[in-house]
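1. take this sequence and fold it.
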Amino acid sequence: MDGIDLSQVLAVGLVFVVAGAVKGITGMGLPTVAVSLLGLWMAPGEAAALLVVPALATNVAQCRGPYLRRLAARLWPAWAALALVTVAMPVPAAGPAGLNAHALLGGALVLYGLWGLWRPSLPELPPRAHWLAPVAGAATGAVTAATAVFVIPLVPWLQCLRLGKEEMVQALGLSFTVATLALAVRLGASGGGSLWSTEVALALLAAFAGLGLGARVRTRISGAAFQRALFLVFVGLGVANLLRGA
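-> Model prediction:
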């Protein structure tokens, strides 16, 4: 990332302002928005190196809450599988696989966007379905390793647990933190990019600026309408990445 031109510096800053604003409004979405936008001109691995520090920093507050022990006892199999698969999944070789990374990112974004627009009524998981935790975690780890997007199938699975509103917010913060840390380990082990640089510092500052902006406008807009528009954007960005990876 060294030696990028001014236009790219400004583009990175704008992306993280937008991503931070989305998180400020909805409580989630910074990595997904950042990777989907950066993926329009960067490789997903390069985009992932930029988002690790901002994602971790903006998730800290969301991890706090009174449900830590209960959530850890219930979710640790999913977290362990997510982290293991994210770190251990083989790194794709250079060449045609580099193009496939954009196709994988595009596919994940389209699926997430369509799922968000559809908003199906998800079943409540019975107690005997605890075996699904490592399955959901492993599947999310595979998607994270390939695309740096860690919402599918993690978020739908968490919704099936019927957690309370505040417990769900904390569960998302903790789960996203585990995913981000695992992604950082993967990038460090594979030499996928520096986790601290001038561009990362800019992304961090821009993300917090966007976070503050989103928090200020949150009460002035319809959350449901904003989320529908956001999922439409994810579908559009997914299609754009699919076309780039074709």
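
2. return the set of buried residues in the helix or strand bottoming out on mean pLDDT in the chain.
-> The helix or strand of the chain with the poorest confidence is helix 96-118; it has a mean of 76 (mean pLDDT, DSSP states H and E). Neighbour-count burial for helix 96-118 flags 101-113, 115-116 (criterion: 16 or more other C-beta atoms under 10 Å). In this view, the C-beta of every residue, glycine as well, is placed from N, C-alpha and C.

3. G141: neighbour count?
-> Residues lying near G141 (other C-beta atoms under 10 Å) number 30.

4. check which element follows the helix or strand containing it along the chain.
-> Using DSSP states H and E, the secondary-structure element containing G141 is helix 132-147. The helix or strand immediately downstream of helix 132-147 is helix 154-160, counting by DSSP H and E.

5. what residues sit buried inside that next one?
-> 154-155, 157-158, 160.

6. report the mean per-residue pLDDT for it.
-> The pLDDT scores in helix 154-160 average 89.

7. what comes into contact with it?
-> Under the criterion C-beta atoms under 8 Å, 6 or more residues apart in numbering, residues 28, 78, 82, 115, 122-125, 132-133, 136-137, 140, 168, 171-172, 175, 179 lie in contact with helix 154-160.

8. tell me how far it lies from the chain's centre.
-> Taking C-alpha atoms, centre = their mean, to the nearest Å, one finds helix 154-160 lying 14 Å from the centre of the chain it belongs to.

9. cool, stretch 128-142 as well?
-> That offset, for stretch 128-142, works out to 17 Å (C-alpha atoms, centre = their mean).

10. what average pLDDT does the helix holding G141 get?
-> Rounded mean pLDDT across helix 132-147 is 91.

11. ok, back up a step: can you flag the buried ones in the contacts of helix 154-160?
-> Neighbour-count burial (16+ other C-beta under 10 Å) applied to these gives 28, 78, 82, 115, 125, 132-133, 136-137, 140, 168, 171-172, 175, 179.

12. out of these, which is nearest to T147?
-> Using C-beta to C-beta, T140 is the member of the buried ones among the contacts of helix 154-160 that lies nearest T147, at 10.7 Å.

13. how about the secondary structure of the residue lying farthest from the centre of the chain?
-> Taking C-alpha atoms, centre = their mean, the residue of the chain most remote from its mean C-alpha position is R128, at 28.8 Å. At R128 the chain is in helix, as set by DSSP: H, G, I helix; E, B strand; the rest coil.

14. likewise for G65?
-> Following three-state DSSP, we place G65 in the coil state.

15. which other helices and strands contact the least confident helix or strand of the chain?
-> If you count contacts as 3 or more C-beta pairs under 8 Å, 6 or more residues apart in numbering; DSSP states H and E, helix 96-118 packs onto helix 30-38, helix 44-63, helix 132-147, helix 223-245.

16. low-confidence ranges, the protein, go.
-> Counting by pLDDT under 70, the chain shows low-confidence ranges at 1-5, 61, 91-99, 127, 190-195, 223, 245-246.

17. and the longest helix belonging to the chain, what's buried?
-> With secondary structure taken from DSSP state H, the chain has its longest helix at helix 165-190. For helix 165-190, a neighbour-count test (16+ other C-beta under 10 Å) marks 167-184, 186-187 as buried.

18. and the buried residues of helix 96-118, which is closest to Q8?
-> Using C-beta to C-beta, the buried residues of helix 96-118 come closest to Q8 at H102, 17.8 Å.
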